[in-house]
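# Show me how the following folds:
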Amino acid sequence: MAIQRSRRLRKKMHIDEFQELGFSVNFTFPEGSSEEEIDSSVDALINEVIEPNGLAFDGSGYLQWEGLICLEKSGKCTEEHQELVRNWLNARQLKDVRVSELFDVWWD
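Here you go, the predicted model:
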């Protein structure tokens, strides 16, 4: 017998229609990149890709960056979001660009 959870419980647990999907991202700046170049590029990523597409980015690094990208509001990132980020990073000629598969940001 399947257990039915109330809408409130599903929301609290971030499951079913309240599941949130995101993805991790990793990239490396070329050796010798200045702090100003790195700051400028990360700001541009946020201003050109993250914010205009309703995304949020939680990441850190210096030459090597890693972070999590999810929707700013509850919801599910899509393959299109992944492609936007991947294409932008590759166009900036950053190295070792890796974008993970979509995963549940609360449970994976």
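
# End to end on stretch 68-88, go ahead and measure it.
End-to-end distance for stretch 68-88, by Cα to Cα, to the nearest Å: 16 Å.

# Stretch 57-66 too?
End to end - Cα to Cα - stretch 57-66 spans 10 Å.

# which residues are contacting that stretch?
24-29, 31, 33, 38, 42, 45-46, 50, 67-69, 96 (Cβ atoms under 8 Å, 6 or more residues apart in numbering). In this view, the C-beta of every residue, glycine as well, is placed from N, C-alpha and C.

# Buried subset of those residues, written for PyMOL?
The PyMOL command for the buried members of the contacts of stretch 57-66 (criterion: 16 or more other Cβ atoms under 10 Å) is given here:
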select buried, resi 25+26+27+28+29+42+45+50+67+69
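
# Strands of the chain, residue ranges please.
With DSSP state E as the definition, the chain shows strands at residue ranges 21-28, 55-61, 64-71, 95-99, 103-104.

# ok, and for the second one, which residues are buried?
For strand 55-61, the neighbour count (16+ other Cβ under 10 Å) marks 55, 56, 57, 59 as buried.
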